[in-house]
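> Sequence unavailable; structure follows:
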């Protein structure tokens, strides 16, 4: 701020002229303050200019350049799904065909001990196992073509000191339960399922109020679970890890990895949950975890797993409409372009709504509950379907924006580009330049498939190996652009 114009030569503090001017200025300021909020509200309501202007000033527009000749090491993320503890048993039975259609790699379930009554004791106090109910649920997972991702939760009543979220009476009993679980599910002479994931607990910082390094210490849960898993005999390969906290927390990350390193306990993956409307939060998680991991070179192969994801951990009407679908597409696109060194898995939560008073009640499911007839697919289900059409070898895409992002694949049929315009506030329009570089043929079919919309297709003939177009994208929209060279991929 400059004070030059208020020098003693221009302002006479005792003069009536100054006082009148001051009074006039104060009146103007008062009127401005009084009416400015209303003016801004009405103006913004009509045009959205202020919101969009602010976003335009704080973000960058996309200028997408797709290198059709090149390829990169990015591995496309296969969708994985998680089902919450909405009901005891049979949660997937009514939707097997529909879930099979979207081809998840893994399905995560929790409550495997308290919902399925796996563990009991005989009159002599020996542990007795009843696998029938859990086996039925695992059978449904296999029936949809997925593999099980099992959250080792919660504490079996037969060995707990209290409720299902408390510690066991005897830690060796917990160790034995985990050992038998791994031998039963992954055992060569039992269910014989390879590559199962075993995750120690579910949201321990919430369910049980566990800490790291003090009080009710999660590391004890992990220690005896790890000892049990390592003692399992005659098994197919499996993965073991945790802690599935409600978010990514550095004290948990360091606390667990230091503990496993010092005690030589097994940990193949580090998991957490993330619910946020802002995709930047997911990006920040992966970047932070990658930086933290640099302090642990012994764990350079550690996998990162977000074992529950969504835009809101509470019920939200957005789960019943297109908002959740675009968020899901945006999340998978983000992970596809982040170039994370670690292997990554993301689980979309959840598969099916729990029973409610109405068919649509803002629950997290991709499908509605069968209490209202055959389960109905929601837009987020359609998003997974849409995503699955992007099969092939990943090719480089440059010029990503703050709202608009994209990834590309090539296969024997041509090229595909998935473009997302995601704005958590639902206001950002963008005219997106898209340039394809290195076309194998100067004649091709251009096809644009709008998410939950129409398909536009026309032939193109270009004088060079490069071709550029511009497409206006509405807020929270997605499209797949296909380039099918004529005479090259017949």
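On my side now, so go ahead. Values in this document were obtained by computation on a predicted structure and should not be read as measured data.

> so residue 187 touches residue 196, yeah?
No: using C-beta atoms under 8 Å, residue 187 is not in contact with residue 196, being 10.4 Å away. Heads up, the C-betas are built off the backbone N, CA and C, glycines and all.

> Quick one: the helices in the stretch 101-250 of the chain, in order.
Along the stretch 101-250 of the chain, counting by DSSP state H, counting those that start in this stretch, helices occupy 132-143, 171-186, 218-231, 250-263.

> any chance of those in JSON lines, plus mean pLDDT?
Below are the helices of the stretch 101-250 of the chain laid out as JSON lines (pLDDT from 0 to 100):
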{"stretch": "helix 132-143", "mean pLDDT": "98"}
{"stretch": "helix 171-186", "mean pLDDT": "99"}
{"stretch": "helix 218-231", "mean pLDDT": "99"}
{"stretch": "helix 250-263", "mean pLDDT": "99"}
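
> Compare neighbour counts for residue 187 and residue 196 and give me the winner.
Between residue 187 and residue 196, counted using other C-beta atoms under 10 Å, residue 196 has the larger neighbour count: 22 against 18.

> Was I right to think the more buried one contacts residue 235?
No: applying C-beta under 8 Å, one finds residue 196 not in contact with residue 235, separated by 9.0 Å.

> any common contacting residues for these two?
Residues touching both residue 196 and residue 235 (C-beta atoms under 8 Å, 6 or more residues apart in numbering) are residue 186.

> re the thing from before, can the helices of the stretch 101-250 of the chain go into a markdown table with extra columns for mean neighbour count?
A markdown table is the format used below for those (neighbours: other C-beta atoms under 10 Å):
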| stretch | mean neighbour count |
| --- | --- |
| helix 132-143 | 18 |
| helix 171-186 | 21 |
| helix 218-231 | 22 |
| helix 250-263 | 17 |
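
> Can you say which of those is nearest to residue 463?
Proximity to residue 463, assessed across these by C-beta to C-beta, is greatest for helix 132-143 (53.3 Å).

> That closest one vs helix 171-186, what angle?
40 degrees (axes from the mean of the first three to the mean of the last three C-alpha atoms, to 10 degrees).

> where in the stretch 1-150 of the chain is pLDDT low?
In the prediction, the stretch 1-150 of the chain carries residues with pLDDT under 70 at positions 1-57.

> in it, which spans are strands?
Ranges of strands in the stretch 1-150 of the chain, per DSSP state E, counting those that start in this stretch, are 64-67, 80-83, 106-109, 119-121, 127-129, 147-152.

> Same question for the stretch 201-350 of the chain.
For the stretch 201-350 of the chain, the strands defined by DSSP E, counting those that start in this stretch occupy 238-245, 269-275, 303-310, 344-349.

> between the third one and strand 344-349, how big is the angle?
This means strand 303-310. Here strand 303-310 runs at 20 degrees with respect to strand 344-349, directions being taken by the same axes, to 10 degrees.

> Pairing partners for strand 303-310, with directions?
Strand 303-310 sits in its sheet next to strand 269-275 (parallel), strand 344-349 (parallel), going by DSSP bridges.

> contacts for the shortest one?
Looking back up the chat, that one is strand 344-349. Residues contacting strand 344-349 (C-beta under 8 Å, 6+ apart): 77, 79-82, 84, 105-106, 108, 149, 269, 273, 286, 303-310, 328, 331-332, 335, 364, 366, 380, 384.

> Contact partners for residue 452?
Each residue near residue 452 by C-beta under 8 Å, 6+ apart is listed here: 322, 325, 379, 382.

> how near is the spatially most central residue of the chain to residue 247?
For the chain, residue 309 is the residue whose C-alpha lies nearest the centre (C-alpha atoms, centre = their mean; 4.0 Å). Taking C-beta to C-beta, to the nearest Å as the measure, residue 309 falls 12 Å from residue 247.

> Overlap of the contact sets of these two?
When contacts are counted by C-beta under 8 Å, 6+ apart, residue 309 and residue 247 have 273-274 as shared neighbours.
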